[in-house]
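K.L.:
Predicted structure and sequence below. I'll ask about it afterward.
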Amino acid sequence: MDSITGVLLISIPIIVTFVLLVKFRWGAHSSGVVAWLLTTLIAIIFFSTDPRVAIIATIAGVVRSFPISLMVGTSIFMITYMHVTGALKRVIVFFKTLGGKHKSAQIMLINLGLGLFLVGLGATPVSMLPPVMLALGYSPLVAVALPSVGYDPLTTYALIGIPVVVFTDIFKAVNPGWAWPANIDPLFVCGSTFAMFMPVVSTGIALAMLWIAGGKKMLFDKESLFLALLSGLTAGGVAIIANNPLVGQTTLTNVYAGLAVIGVISLYLKAKKLPIIDKSILTDEDRESEKSMKLWAASSPWVILVIFALLTNMFPPIRDYLFHTLAFPVTIGHATIATRPLWNAYTLVLISTFIGMIFLPHDKKTLKETLSLTKKRAPKPVLASAIFFAMAEILNESGSIIGPTGEWLTAAQRGIPEMNMIFLLASATAATFGVLYPLTSAYLGLLAGFISGSETSAIAMFTRYHSETAQLIGANALVVGAANGIGGGLASVLSPAKLQNAAAVIDKIGIEGQIIKYALVVALLMTTATAILTFLLAFI
């Protein structure tokens, strides 16, 4: 098959998915199923893939998705339980008091600092913060846009580091001969590679928040500009420190970065003699909520989750035992996948929720309503998370067959490497762009993140492709692959699913298109900055 025909065939599922999402406003779950089905048919009909391989690859992809897909399900369960019990409303009332009446400090404190902290633990700022921003007097557009943008800076380390953990596993699998530094966990090497981009990305996002909230006036205000630079560089700097192999706190990067931003903004407000917590803005309804439940009880599931996250990640013996010794690998086809059920965040979230029930209502009616709402809310996002992993696995395994004695033969082993979709894409891209190829990585990640709604899915879809292409041109595959992940994270602000989620909680579904006009500018500027930095780093 010639490369032009092959690339066009491979592009069909992506183009169709894009059209379904944008033109027909399909959900990510339903458009994802169509993309998976088209990819499967194209792999079987045009790329000589054994149908049994397609089935096994789909199963392997779903299993690979567990760190993100099951996390989506369990986090929805936790947030739903907190909503039903009134705990979420009580926590939101506290959030409203942060930052006093200093607008730029308030934006950095809530949407950057608190947003990073929440998403680092598996909570969803796009579900929680829009009502807070609306109550503080911001327009619906700004109330939705700010938490969505705040999702972006350190998404690689969200959900207790799931994206970077998945990237490490996939990169190791497709580069078995990679020369990792001696006595250093590959996770920390990958985490530090991503961290090189973070000061630029997090600072750019902080500046974008000022522009969205107050236009040029706020963006060029000296004090606001100083706070944005302080917050962005703090978050980026903490990311570099946390991912230094000597520190080894990759999976808690977002938690530390969020706390650091909250800390520096609080110190600034204190130095200016301004209140860090200002209850004067609360309504009578807010005050009733305050009286109805203690803050420590309302936030107990998160507090417990923080404790578990620290215990399982800060202490090397515990982390190594859960992460490596109890990896519980499963072999599917010719791939061995480390499931790590006792370390992954979904288990921690589930346990934290159940323990938190000790301090919150847990009667039969409450639990029944929680389960009913979770059953309604969770399946579609879980499916959307899993299906793109399945699609990625089929891309990776295309051209493979199962031999007469049950052996797995890849396209390369069959002597027809061009029948593997990833190899075909890599060779065609390397021939087209040459040494300029690293400039494309972040943009492809942006596209994949937009389509799938997840940086982790973007990593699953394109890591092998970028790895093979980078090596063909002599570039650093780790840097190029990381840039793809950064682009996928930046797509969070464009994700129809995330924007719709944020708009829904303030009953403003329909404003997503207006937000994308602002968000697209931010995403493209930050992706361009990432692309340039990738090109500079890829040949070092």
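P.N.:
Yep, that arrived. Numbering: from 1, shown residues only.
K.L.:
The stretch 251-400 of the chain: helices as residue ranges?
P.N.:
253-271, 284-292, 295-298, 300-314, 316-320, 345-356, 364-377, 379-397 (DSSP state H, counting those that start in this stretch).
K.L.:
Dump those into TSV; add mean neighbour count and mean pLDDT as well.
P.N.:
C-betas here are computed from N, CA, C, even on glycine. Listed next are these as TSV, based on neighbours: other C-beta atoms under 10 Å; pLDDT from 0 to 100:
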stretch	mean neighbour count	mean pLDDT
helix 253-271	21	92
helix 284-292	13	88
helix 295-298	16	94
helix 300-314	19	87
helix 316-320	13	87
helix 345-356	22	92
helix 364-377	14	91
helix 379-397	25	86
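K.L.:
Make TSV from the ones you listed and add distance to residue 210 to it.
P.N.:
Shown next, in TSV, are the helices of the stretch 251-400 of the chain (distance: least, C-beta to C-beta, whole Å):
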stretch	distance to residue 210
helix 253-271	14
helix 284-292	27
helix 295-298	30
helix 300-314	28
helix 316-320	38
helix 345-356	31
helix 364-377	33
helix 379-397	31
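K.L.:
would you put the C-alpha positions of stretch 216-230 in PDB?
P.N.:
Below are the C-alpha coordinates for stretch 216-230, written out as PDB (Å, rounded to 0.1, in the frame of the first residue of the first chain):
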ATOM      1  CA  LYS A 216      -6.500  43.700  28.200                       C
ATOM      2  CA  LYS A 217      -7.200  45.900  31.200                       C
ATOM      3  CA  MET A 218      -6.600  43.100  33.700                       C
ATOM      4  CA  LEU A 219      -3.900  41.400  31.600                       C
ATOM      5  CA  PHE A 220      -1.700  44.600  31.500                       C
ATOM      6  CA  ASP A 221      -2.400  45.700  35.000                       C
ATOM      7  CA  LYS A 222       1.000  45.600  36.800                       C
ATOM      8  CA  GLU A 223      -0.300  43.900  40.000                       C
ATOM      9  CA  SER A 224      -2.400  41.300  38.100                       C
ATOM     10  CA  LEU A 225       0.500  40.600  35.800                       C
ATOM     11  CA  PHE A 226       2.800  40.100  38.800                       C
ATOM     12  CA  LEU A 227       0.400  37.700  40.400                       C
ATOM     13  CA  ALA A 228      -0.100  35.700  37.200                       C
ATOM     14  CA  LEU A 229       3.700  35.400  36.700                       C
ATOM     15  CA  LEU A 230       4.200  34.500  40.400                       C
END
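K.L.:
From here on, call the first residue 37.
P.N.:
From this message on, residue numbering opens at 37, which makes the last subject stretch 252-266.
K.L.:
What mean pLDDT does that stretch get?
P.N.:
Stretch 252-266 shows a mean pLDDT of 90.
K.L.:
check contacts around residue 97.
P.N.:
422, 425-430, 496 (C-beta atoms under 8 Å, 6 or more residues apart in numbering).
K.L.:
I misspoke; the intended subject was residue 287.
P.N.:
Residue 287 neighbours (C-beta under 8 Å, 6+ apart): 193, 196-197, 200-201, 223, 345, 349.
K.L.:
same thing with residue 359?
P.N.:
Going by C-beta under 8 Å, 6+ apart, residue 359 touches 376, 379.
K.L.:
tell me the mean pLDDT over stretch 480-496?
P.N.:
Rounded mean pLDDT across stretch 480-496 is 78.
K.L.:
Tell me the span between the first and last residue of that stretch.
P.N.:
Criterion C-alpha to C-alpha, to the nearest Å; first-to-last residue distance in stretch 480-496 is 12 Å.
K.L.:
got it, and stretch 374-381?
P.N.:
By C-alpha to C-alpha, the extent of stretch 374-381 from end to end equals 14 Å.
K.L.:
Pull the residues that contact it.
P.N.:
By C-beta under 8 Å, 6+ apart, stretch 374-381 touches 99, 102-103, 106-107, 110, 158, 195-196, 198, 205, 345, 348, 355, 358-359, 362-366, 383.
K.L.:
would you turn the contacts of residue 287 into a markdown table with secondary structure and distance to residue 295?
P.N.:
Conversion of these to a markdown table gives the following (DSSP: H, G, I helix; E, B strand; the rest coil; distance: C-beta to C-beta, whole Å):
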| residue | secondary structure | distance to residue 295 |
| --- | --- | --- |
| 193 | helix | 13 |
| 196 | helix | 15 |
| 197 | helix | 16 |
| 200 | helix | 19 |
| 201 | helix | 21 |
| 223 | helix | 21 |
| 345 | helix | 12 |
| 349 | helix | 14 |
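K.L.:
give the contact list for the closest residue to residue 68 other than its chain neighbours.
P.N.:
The shortest distance from residue 68 to any non-neighbouring residue, by C-beta to C-beta, 6 or more residues apart in numbering, is to residue 423 (3.9 Å). By C-beta under 8 Å, 6+ apart, the contact list for residue 423 reads 65, 68-69, 71-72.
K.L.:
and these, which of them are in helices?
P.N.:
Using DSSP state H, the members of the contacts of residue 423 that fall in helices are 65, 68-69, 71-72.
K.L.:
And these, which of them are buried?
P.N.:
65, 68-69, 71-72 (16 or more other C-beta atoms under 10 Å).
K.L.:
close enough to count as contact, residue 517 and residue 501?
P.N.:
No. Applying C-beta atoms under 8 Å, one finds residue 517 not in contact with residue 501, separated by 9.1 Å.
K.L.:
From the contacts of residue 287, list the buried ones, please.
P.N.:
Buried among the contacts of residue 287 (16+ other C-beta under 10 Å): 193, 196-197, 200-201, 223, 345, 349.
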